[in-house]
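> Can you look at this prediction? I've put the sequence above it.
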Amino acid sequence: QVQLVESGGGLVQPGGSLRLSCAASGFTYDYYAIGWFRQVPGKEREGVSCISSSDGSTYYADSVKGRFTISRDSAKNTVYLQMNSLKPEDTAVYYCAAPLCPVEGDYWGQGTQVTVSS
C-alpha cells in the first residue's frame, strides 16, 4: 500500500520561504517519479516540480523555476520542496504524488495548504 504524507504548509508573507516534505512508503516500483502538484479552487491541478527515483533528474514548471528546489533523501524516503521568494499566486493546496510526474498518476497525499499573504 503506497502512502504519501505531506507536511510543512502554512501561512507566509510574500517573499518568504516554506519547505514541504513528503514521506513516501510502500513503493514496489523500481523506477518512478515523485513530486508536487498544486490546485487552486476552480482551476486545474498543476504539476509544480518532480524528481526521478532513478537518476534524480528534475522538472520545474516555468512559474516556479529559480524559486523552488526539489530534493530527496533516499535513506528517509522523503522528498522536499524548498519554496523561496513566495508570491501570492503560489497560494494553493499542494499535493505530493507518484509514480508519475508531472503527468498525474495513481497515488496522492492528503494535501497541505500554502497561503502567501501579507
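Nice, I can see it. Numbering: from 1, shown residues only.
> Let me know the secondary structure of E89.
helix (DSSP: H, G, I helix; E, B strand; the rest coil).
> residues of stretch 97-107 that come out buried?
A97, A98, P99, L100, C101, P102, G105, Y107 (16 or more other C-beta atoms under 10 Å). Where C-beta positions appear, they are placed from N, C-alpha and C, glycine not excepted.
> Quick check, S52 in contact with Y31.
Yes: contact criterion C-beta atoms under 8 Å: S52 and Y31 qualify, at 7.3 Å.
> Figure out the helix or strand that the spatially most central residue of the chain lives in.
Central residue of the chain (C-alpha atoms, centre = their mean): W36, 2.4 Å from the mean position. Element membership for W36 (DSSP states H and E) is strand 33-39.
> contacts for the helix or strand following that strand?
Using DSSP H and E, the next helix or strand after strand 33-39 towards the C-terminus is strand 46-52. With contact meaning C-beta atoms under 8 Å, 6 or more residues apart in numbering, strand 46-52 is reached by 31-39, 57-61, 63-64, 68, 70-72, 79, 81, 92, 94, 101-104.
> Can you pick out the ones from the residues you listed that are in strands?
33-39, 58-60, 68, 70-72, 79, 81, 92, 94 (DSSP state E).
> Of those, keep whichever come out buried.
33-38, 59-60, 68, 70, 72, 79, 81, 92, 94.
> which two in those residues are spaced the farthest apart?
R72 and A92 (21.7 Å; C-beta to C-beta).
> ok, back up a step: nearest to Q3 among the buried ones among the ones in strands among the contacts of strand 46-52?
For these, the nearest to Q3 is I34 (12.3 Å; C-beta to C-beta).
> in the sheet, who's paired with that closest one?
Taking DSSP bridges, one finds I51 as the beta-bridge partners of I34.
> Provide a list of residues in contact with it.
Taking C-beta under 8 Å, 6+ apart, one finds 4, 22, 24, 50-51, 53, 72, 79, 96-99, 101 in contact with I34.
> Repeat the analysis, applying 7 Å as the threshold.
I34 is in contact with A24, C50, I51, S53, V79, A98, C101, counting by C-beta atoms under 7 Å, 6 or more residues apart in numbering.
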